[in-house]
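1. fold the stuff below for me.
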Amino acid sequence: MDDEVFRALADPSRRTLLDRLFERDGQTLGELEAALPGMTRFGVMKHLKVLETATLVTSRKVGRERHHYLNAVPIRRIHDRWLDRYRIRAADLLDDLRITLEADTMTTTDTTVAPPRHVFTTFIRATPDSIWQALTTSDFTTRYWYGSTIQSDWAVGSPYELRTHDGKPAIAGNVLEADPPRRLVLSYSSPWTNTPDEPPSRVTFEIEDAGPGVAKLTLVHETEPGSTTRIAEVAAGWPYILAGLKTLLETGEPMARS
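-> Okay, here's the model as predicted:
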């Protein structure tokens, strides 16, 4: 996968498309065409396909339009593979990711449905069942989610709670959808990002087969219309968490921290 990432980054047109998504996530094909005015629509589509294959970009269809998102997970993986030895702090990267992923309020021609705010994708050499277990049991979350425990019976309508390693409440909400091991939808509230009386945001985990022994995990984090949740601060941490989950399932060992 790293080879595909570097091949994708080698082309200046593809880097231009990533720069545009850096500036504002969730753009449509028509909006991204403006970044490459000398190229045909088909040419832009081909470049986006290469970026999606390398998982540097992920997309979601909303109404009749497809919105594209800069996916920071492979960037996080590259950081953990090489840059840690130079003692670059993970906190510095997460701050950069916060800036990268923070977007202005986006509009769409479909006035009834807004595109998701943040979308992340990673491919994991694991079964859908093992990914589901990693998301829903403390035996796994304590090893990749900052030492946190998670509790719920995961029935639709049931509460769930994530607590830090020292027992403090971190995330809480309710199970909105549960279709193990394929789809889990949760409401999301945190004392660090939600203001009093504010509606929770929404997190969706989608798990799909992606070839023999490989599954695709997509995470979508979105807010209700009118919410002021500081979602960009939350989104900055998702690449680290997903990279840690992938490393744990593929190697059996937690990801090394900076």
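2. so which helix or strand takes in the residue lying closest to A35 once chain neighbours are set aside?
-> Excluding its sequence neighbours, the residue lying closest to A35 (C-beta to C-beta, 6 or more residues apart in numbering) is R20, at 4.5 Å. Placement of C-beta: from N, CA and C, glycine included. If you go by DSSP states H and E, R20 is part of helix 12-23.
3. strand partners of the helix or strand following that helix, parallel vs antiparallel please.
-> Next helix or strand after helix 12-23 toward the C-terminus (DSSP H and E): strand 27-28. Paired neighbours of strand 27-28 in the sheet (DSSP bridges): strand 65-70 (antiparallel).
4. next, the buried residues of the strand it pairs with.
-> 65, 67-70 (16 or more other C-beta atoms under 10 Å).
5. what helices and strands are in contact with the lengthiest strand in the chain?
-> Longest strand in the chain by number of residues (criterion: DSSP state E): strand 169-179. Contact partners of strand 169-179 among helices and strands, from 3 or more C-beta pairs under 8 Å, 6 or more residues apart in numbering; DSSP states H and E: strand 159-163, strand 183-188.
6. lowest-pLDDT helix or strand in this structure?
-> When each helix and strand of the chain is scored by mean pLDDT, DSSP states H and E, helix 90-101 comes last, with a mean of 47.
7. next, the angle from whichever helix or strand comes after it to strand 65-70.
-> Counting by DSSP H and E, the next helix or strand C-terminal to helix 90-101 is strand 118-124. If you take axes from the mean of the first three to the mean of the last three C-alpha atoms, to 10 degrees, strand 118-124 sits at 70 degrees to strand 65-70.
8. show me how far strand 118-124 is from its chain's centre.
-> Mean C-alpha position of strand 118-124 versus that of the full chain (C-alpha atoms, centre = their mean, to the nearest Å) differs by 5 Å.
9. mind saving the C-alpha coords of that strand as PDB?
-> What follows is strand 118-124, C-alpha atoms only, in PDB (Å, rounded to 0.1, in the frame of the first residue of the first chain):
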ATOM      1  CA  HIS A 118     -15.200  13.900   7.800                       C
ATOM      2  CA  VAL A 119     -14.600  10.600   6.100                       C
ATOM      3  CA  PHE A 120     -11.600   8.200   6.700                       C
ATOM      4  CA  THR A 121     -10.800   4.900   5.100                       C
ATOM      5  CA  THR A 122      -8.300   2.200   5.800                       C
ATOM      6  CA  PHE A 123      -7.700  -1.400   4.500                       C
ATOM      7  CA  ILE A 124      -6.900  -4.000   7.200                       C
END
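10. many thanks, have a good one.
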